[in-house]
Each structure stands twice: as C-alpha cells, then as structure tokens.
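Student: Task: produce atomic coordinates for the following.
(chains A and B)
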Amino acid sequence: MNVKSILPALAGVFTAAIVFLAARYASLFSTVLFVPNWLWAFLLGSALESAYFAAYFLTPRTPFTVRLVELALWLGPIYLLVGRSPSAFLWPACLTAVCWLLARGCGLELSRLEKVADLIGDQGASTVSWEYESLTSMGQDELALGFFWRRVIACAAAVVVLAVAAHRREVKAAGALLLELRLAGGTAAASGLALLGGAYLFRLQTLWACAKAAVDPALPREWLRNLAIIVALSLALVYLAPIDYSPVTADTVGRLLAAVLSRGVELPELPKAAPEERPSFSQSGDPLPEVDSVGLGGIILTAMYLLLVALVSAVLLAALGFILFELTKGEIERLRGLPRLAVQVYAAVRRAVLQVLAALGRLKSIKPIKGQAIFPGQGEERPSEPSADRDSPPKRGVRALLLQIARQAGKKGLVFRRSQTPWEYGQALRGQFFPNEEVVGEFFQGYQRARYSRSGLSGAEEERVLAAGTQILNRVREWKGDEKDG
Amino acid sequence: MDNAAAVAEFGQKMLYNIGSVLIGKEKPARLLLVALLSGGHVLLEDVPGVGKTMLARAIAASIGGTFSRIQCTPDLLPADITGLSIYDQKAGDFVFRPGPIMSQIVLADEINRATPRTQSSLLEAMGEGQVTVDGKTYVLEQPFMVLATQNPVEFEGTFPLPEAQLDRFFICVSLGYPTAAEEREMLYLLQERHPIHDLKAVTDPQRVRSLQQAVSRVHVEESVGEYVVRLVQATRSHPQVQLGASPRGSLALFRAAQALAALEGRDYVLPDDVKEVAVPVLAHRLMLKADSVLRGVKGAAVVSALLSQVAVGAERVEDMGS
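Tutor: Reported below is the predicted structural model:
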C-alpha cells in the first residue's frame, strides 16, 4: 500500500481547513471580510486539485501558462458566483489563490520526497541508515520532511494568533459559527497530524523501495492504524484539555478543589462566571479573590491552582512528546526547540514511571539472605548470581580452605571481590602477604584444578595443596598489618 | 586422538613460526590461533603497515593451507569473490571458475572499502562454510578462515560493516605499533630477504581439523559457563549499549575460552580464560548508543568495565558459616 495516493488529499484537506479557519476568524473582525459558505467547497476543491496535480504531474518543464489556466479555472466560477463584482470577488479570490498555492507547495514536497532515492544514489541502495548522512554530506541539511513539520506548525500558529486576537478584542463566536470553527479546527489538527505521519511513512516506503528491502506488507496498514489512534487521542486531548474549548476549564477544576477543601478549611466563594463570559483567562474577569482577604484558604487555593496549571502543562507537553516520539521513531536528534522539549518531558516521565515499576518489582523479589545486604553496593556487582544449591559453600577440602583464607584476609582488608577470579585473588594475596613466596601459586593452581577440572586432585596432590593453603591461612591470621615479608 | 597437550605443542610451534616473521606480535598471534582452533574468522583492525597482511600470510603458510587475498575496492563484485560460471567454447557448456573464497585462509584486505552487497557475499561463506553460485552450493574446504582487515581511522569512501557481518567475526584483533626495540629488530630481520618466503608449514590442514575437535572437548565447569552467560547478558542491559552481544557471541566466548585453555595445555577452562578473550570476542559485537559514540566510548571499554562488575561465581565468601 503506497500512501502517496492519500497524502495529497490530506494536504488538501489540511490546507482548506486552515484557510477556512483563518477566513472565519478574520470575518469576526470585519464584515467586509465575510466569506460565503459555498467558498468552502472551492477552497477544498482547489486545494485537492492543486496538491494532486503538483504531486503527480507538475514538473519544472510545465509551462507557466498551464499553471495560470489552472488557477483561472477556479477563480472564474467564483467571479460569476459573486455577481461579477470586483470588490466582492477580491477577498474570496485571494483566499482561493492562497489555498491553491499552499496545497501546491505540499504536493511539490511530496514529489520531492519521492526523488530522495535519486539524491541518495548507491548509498541509499546500500543501507537505509545512511540516508540522513548522505543528504547531510551533500549539503542538504534541510530535510524535505521538515517542510511538512514547518508547514503544519506555521499554519496552526497563524490560526492561533487570529483566534487569540479575536479573543482579546472580545469578539465572540457563537452558535453555528462556533460549531464551524470547532469542526474546522478539528479537521485541520487531524489532517495536519495525519499528513506529518503519512509523509514520514512515505519517505520510508521510498527508501525501502530504493534499498529493495523486503518489508512486511502489513506494516503500512499498521502504521496508518496507529496514526489514526494517535490523531484521535490528540483530538480528544484538544477537546478535553482544560482550555476554553473544553467543558473542563481551570475554573471548574478550581471550584471542585475548593469544594473538597472547604470541608476542612473555610474558603471564600469564588465568583461565578457568567455563562457567556470567559473564565479565568479573560481580561475582564477576576476569578481569584485578593489574597489578603482570603487568608490561608486563598493561599492554598492559589497554590493548588498553580500546581494544576503546571501539571496540566506537563501532561500536555508529555502527550505532545509521546506523539512526536512515535512519529519520529525515537530519532529526537532531529527535533529542535519546543518539540524537543516535549519529547524530553515525555522521556523523563516515562523513565520515572519505569523506575518506579522496577523498584516495586525489586521490592517484591528481594529475599534477605544472612550476611548479605538487601541492596548491593552501587556499581560494584551485578545482581545475578550462581544458584545457591549447586554452589553451596563447601565444608571441607581445598575450596573450603580458600573460603577460610578469603574470610581471614577480608578481616585484614583484602576482600575477595566477586568479580575477581581465584587466580586474580591469589595474585592480590601474594602482593599483600607473600611477596616472595611460591606457596600462593602452588595453592591456587591446585585450587583451580580442584574447582574447574573434570578429574580434580589426586590424594597426594590434595594433601600438598592443603598444606600450602594451611600455611597461607596461618600466615594471614598472624599478619599484623605493618609487616610485609617474613 | 589429539588432546590439550597436543594443542599446546601446536600453539608453540605456530607462535615460533609466526614470530620468525613478525616481531613482538605474540599476543595477537595467540588470538588468531584461538580463532583458528575455534573455527572462527578474524577482523584485524589497525592502521596500515603494522603487519596485518603479513600475519595472515604467516598463518596460512604455517598450516600449509591454501591462501588467497582479496583486495577490496568499491568496484569489487560478489562474483569476484565467489567465482562465476563462464562459457567454455570447446566444451560448449558453462564452467565454474572458483573465486578466491575457495581457499582455506582468505585475506579480505580493507574489507570496508567493498560495497555492502559485496561484503554480504562473504556472509554465507563465513557463517555456513559454503558458497552458492548459480543455484549450486560448494562446500568450502576446512579449516576455513577469513581474515579481514580494516583501517579504523580512515572512513572516506568506506562502507561500515553491517552488524550481521560484524557478528560473524569470531574475534576482532588490533596489532598496534611495535616498540622501538622490536622495530629495530625488524629492520635487520628484513634487511636482505623477507622471511615469509622461507616460512615452512609446521602442520597440515588435516591436523588442524583434529585439533579443532580436541578444543571442543575441553571441559568447561558449569560455573564458568554461567559466567559466560552472565557476561553476555550484562552487555545487553548496559546503559551505554543499544544492542548487546548476540547468542552467537556467547558461543564464541565459550569456544574461545576453550581454545585458550587448550593452548595453555589445560583440559579445563578457567574464568581467567574467559576474561582474557572477552574483549576481543565481545567488543566489536556491541552497538553503542549514539550519545556514547559521540562521547568517544568504545566497545572494549564497556566490556572491560563489565569484567570488573560481573560476578565470576567462583566462591561466595559471605555464605561461609562462622
């Protein structure tokens, strides 16, 4: 399944929704800027046509007149529909032209993404992982994929600016207009996110085809399904987040908290916001009473409120980070600024949750052993150990003697670390207690045969090794700390 | 039937023979013998001119096996390695002309200059000891060993070895520069004629196969085997490692420790053997995280750190009764 066939459609819908939103907000400022409802169909149609044409047919050799004719085919009917009035035609024509041009940019980028294979050449055929380095080495630091990211962010920012401007000027949308704005906003957000994710998949599909990589055919479907889930979650987050769009505003949460706290502490009544009035974010409203007049309850409420705002901000950032993390498949090195911060917040939250879960898991599995600390020394040893049954401490013989020596030497400061081999420990023992004596070598060679060889030690050999070990043990016991060599 | 003592004797003869050609390279040569006795392949990673090619030639000459050399370049094709079928006009049929891979010791010089497609043509030979050309499979004569070299400094125009291929190299060895005394000795040794031309075989391929079987019989006590597993598993959970050593790495570490013990004349493996071969066997198999690479962390440093952390499992002192 090649996603290229649906990406121009997403680009067209996204562009039309954004332009429609901008036009609707602009119409709140002035009636001159009002646009009729039928223009929505023209915006969508011109955007779709422009995106598909640019993605599939437009080449650098396409005559400029063809482009002009293409645009004129959209503007002509608009001129007729507005009653051939130049003044009424100007604003809808501008919007349609802007929509057509924006969609064309997306279509061209899709076409360019497909040509990445030509840019990469043999190295792309060699391995997908070199694609980024190949482009960088060719001076194309600005990846084509970044275009869609910038486009979506820029368009979203433009609409937000318009919306905030309308809000500041107390220009209110209500009724059908409010519904239109919400629908267009949701459509723009969904199609924008889907366009971003789809463009990334398309890029990968291009590289897979270039590298002749055998990829599971179900992967693109799974990708699109996951993308749909992410988009749905994002929309749910946008509509349910405690902002003005949502019924769960900061004030309603604040009142809820105040109601809970008022059982123990007498809290002042918060002023009720009028139904059509903006709540706490409004310049005209003053939801929090003066601190002096509310005392302890007010301070607690303010702190809770600030905490809530911080918490919500962190959750929103983490959610955005999760989306970006999934879209970029963990390649956060490609992100900058706020997107990178969001991913970092998400990574921190994820790490914290994993650590808590791991700590809970460890607490479950810990069984205290005699003589062993519950928490091992930091960075010293790994928790994995040989099974206790098979390696139960020997009671007699060469191995038991080594344990006695190690215990005595440990009391004198030479600890047998678990990462040390017996031979390494023997060398340390020799350096500490027996600088010039071969007895250590004799004992530890015998120990190695007893411990690791299939045949073990014969009776005479074992006696000799035990004698050497006993000599070492006595020497370690007698060692006072200041002597070096006997 | 050969035993560990026979392997040790073979090792001494080989080291003496190699030492007459290469001065001061006993440790890398021992590691190469470990790989040879384990039936593995070697990646020689070092700067040019330190004796990588000479070491490979000395090994080949010492075991009396067939030797071929592939100078890897970007335009090298897989058929240049595996061989190809050409049309014989007299016979009126296609005749297979074997490539250099059909030798017992194959030196792939500067392997990272070949394209990944060509590099991958070595995979089947290295992994399974056979080559398939035109749908027909040719079993390679044993012992078969690929000695590949690459320059770790120069990356211009190279193709880094993919993980799958790195994993197929039994060990990665670095020769290093000789000391001043060794270099001076080398100058006079090579003054008239290179001794590689006079190098005599000290054994034959049939005997090497027998010694390889002797190595596989070396006893590995259970706690040592567990130590191998713990070490490899620790590479997978190390915070600086993105991809730890594979189960093939465990097998290689196990077999390398056996070979080293046999070269020492022991018929049993010590944890010290595991420690000695851990870095050459495991370090090149680790894929480090990007930030670790940027900080200059090397796989060898990670393995060395793990060796000082992972429990050997010899004795548990704290369990002893009072």
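
Student: Write out the residues of the stretch 101-250 of chain B neighbouring chain A.
Tutor: Within the stretch 101-250 of chain B, the residues that sit near chain A (Cβ under 8 Å from any Cβ of the partner chain) are B:115-117, B:159, B:162, B:219, B:221-224, B:226, B:230, B:233-234. (C-beta placed from N, C-alpha, C; glycine too.)

Student: Domains of chain B: list them as residue ranges, please.
Tutor: Domains of chain B are assigned by automatic domain parsing as B:1-217, B:218-322.

Student: winner for burial among those domains?
Tutor: The highest mean neighbour count among the domains of chain B, using mean count of other Cβ atoms under 10 Å in any protein chain shown, belongs to domain B:218-322: a mean of 20.

Student: so what secondary structure elements neighbour the strand or helix carrying A:Leu95?
Tutor: Assigned by DSSP states H and E, A:Leu95 belongs to helix A:86-114. Judged by 3 or more Cβ pairs under 8 Å, 6 or more residues apart in numbering or on different chains; DSSP states H and E, helix A:86-114 is in contact with helix A:7-29, helix A:39-56, helix A:64-81, helix A:144-168, helix A:176-211.

Student: for the ones you listed, which one ends up most surrounded?
Tutor: Most buried among the helices and strands packed on helix A:86-114, given mean count of other Cβ under 10 Å as the contact rule, is helix A:7-29, at a mean of 24.

Student: Just want the angle from that helix to helix A:86-114.
Tutor: Helix A:7-29 and helix A:86-114 are oriented at 150 degrees to each other (axes from the mean of the first three to the mean of the last three Cα atoms, to 10 degrees).

Student: show me where pLDDT drops low in the stretch 201-322 of chain B?
Tutor: For the stretch 201-322 of chain B, residues meeting the criterion pLDDT under 70 lie at B:314, B:316-322.

Student: can you give me the helices in it?
Tutor: Counting by DSSP state H, counting those that start in this stretch, the stretch 201-322 of chain B has helices at residues B:205-216, B:222-236, B:247-263, B:271-282, B:290-294, B:299-307.

Student: ok so, going back, let me see the mean pLDDT of the helix holding A:Leu95.
Tutor: Averaged over helix A:86-114, pLDDT sits at 88.

Student: what's the answer for stretch A:154-166, then?
Tutor: On average, stretch A:154-166 scores 72.

Student: and what of stretch A:52-60?
Tutor: Across stretch A:52-60, pLDDT averages out at 88.

Student: JSON lines for the helices and strands packed on helix A:86-114, including distance to chain B?
Tutor: Shown next, in JSON lines, are these (distance: least, Cβ to the nearest Cβ, whole Å):
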{"stretch": "helix A:7-29", "distance to chain B": "30"}
{"stretch": "helix A:39-56", "distance to chain B": "32"}
{"stretch": "helix A:64-81", "distance to chain B": "42"}
{"stretch": "helix A:144-168", "distance to chain B": "19"}
{"stretch": "helix A:176-211", "distance to chain B": "10"}
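
Student: coming back round to it: mind putting the helices of the stretch 201-322 of chain B into a markdown table with distance to A:Ser111?
Tutor: Output for the helices of the stretch 201-322 of chain B, formatted as a markdown table (distance: least, Cβ to Cβ, whole Å):
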| stretch | distance to A:Ser111 |
| --- | --- |
| helix B:205-216 | 58 |
| helix B:222-236 | 43 |
| helix B:247-263 | 44 |
| helix B:271-282 | 47 |
| helix B:290-294 | 31 |
| helix B:299-307 | 42 |
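
Student: Looking at those, which is nearest to B:Pro152?
Tutor: Ranking these by their distance to B:Pro152 (criterion: Cβ to Cβ) puts helix B:299-307 first, at 11.6 Å.

Student: which residues touch the closest one?
Tutor: A:419, B:231, B:234-235, B:238, B:240-241, B:275, B:278-279, B:282-286, B:288 (Cβ atoms under 8 Å, 6 or more residues apart in numbering or on different chains).

Student: ok, back up a step: compare the helices and strands packed on helix A:86-114 and say which comes out lowest on pLDDT.
Tutor: Among the helices and strands packed on helix A:86-114, helix A:144-168 carries the lowest mean pLDDT, a mean of 71.

Student: Adding distance to A:Ala409 as columns, could you present the helices and strands packed on helix A:86-114 in JSON lines?
Tutor: Converted to JSON lines, the helices and strands packed on helix A:86-114 look like this (distance: least, Cβ to Cβ, whole Å):
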{"stretch": "helix A:7-29", "distance to A:Ala409": "71"}
{"stretch": "helix A:39-56", "distance to A:Ala409": "77"}
{"stretch": "helix A:64-81", "distance to A:Ala409": "88"}
{"stretch": "helix A:144-168", "distance to A:Ala409": "63"}
{"stretch": "helix A:176-211", "distance to A:Ala409": "60"}
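
Student: Just tell me which of those ends up closest to B:Tyr188.
Tutor: helix A:176-211 (52.8 Å).

Student: that older thread, tell me the buried residues in the helix holding A:Leu95?
Tutor: A:88-89, A:91-93, A:95-96, A:98-100, A:102-111, A:113-114 (16 or more other Cβ atoms under 10 Å in any protein chain shown).

Student: now the angle from it to helix A:39-56?
Tutor: Using the same axes, to 10 degrees: helix A:86-114 against helix A:39-56 is 30 degrees.

Student: Next, the angle from helix A:86-114 to helix A:176-211.
Tutor: Using the same axes, to 10 degrees, helix A:86-114 lies at 30 degrees relative to helix A:176-211.

Student: returning to what we had before: switch the residues of the stretch 101-250 of chain B next to chain A over to TSV; also include distance to B:Pro152.
Tutor: Formatted as TSV, these follow (distance: Cβ to Cβ, whole Å):
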residue	distance to B:Pro152
B:Thr115	19
B:Pro116	18
B:Arg117	23
B:Phe159	14
B:Pro162	17
B:His219	37
B:Glu221	36
B:Glu222	38
B:Ser223	36
B:Val224	32
B:Glu226	33
B:Arg230	29
B:Gln233	28
B:Ala234	25
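
Student: if we can go back for a sec, redo the domains of chain B as CSV? Include distance to A:Phe433.
Tutor: Output for these, formatted as CSV (distance: least, Cβ to Cβ, whole Å):
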stretch, distance to A:Phe433
domain B:1-217, 30
domain B:218-322, 17
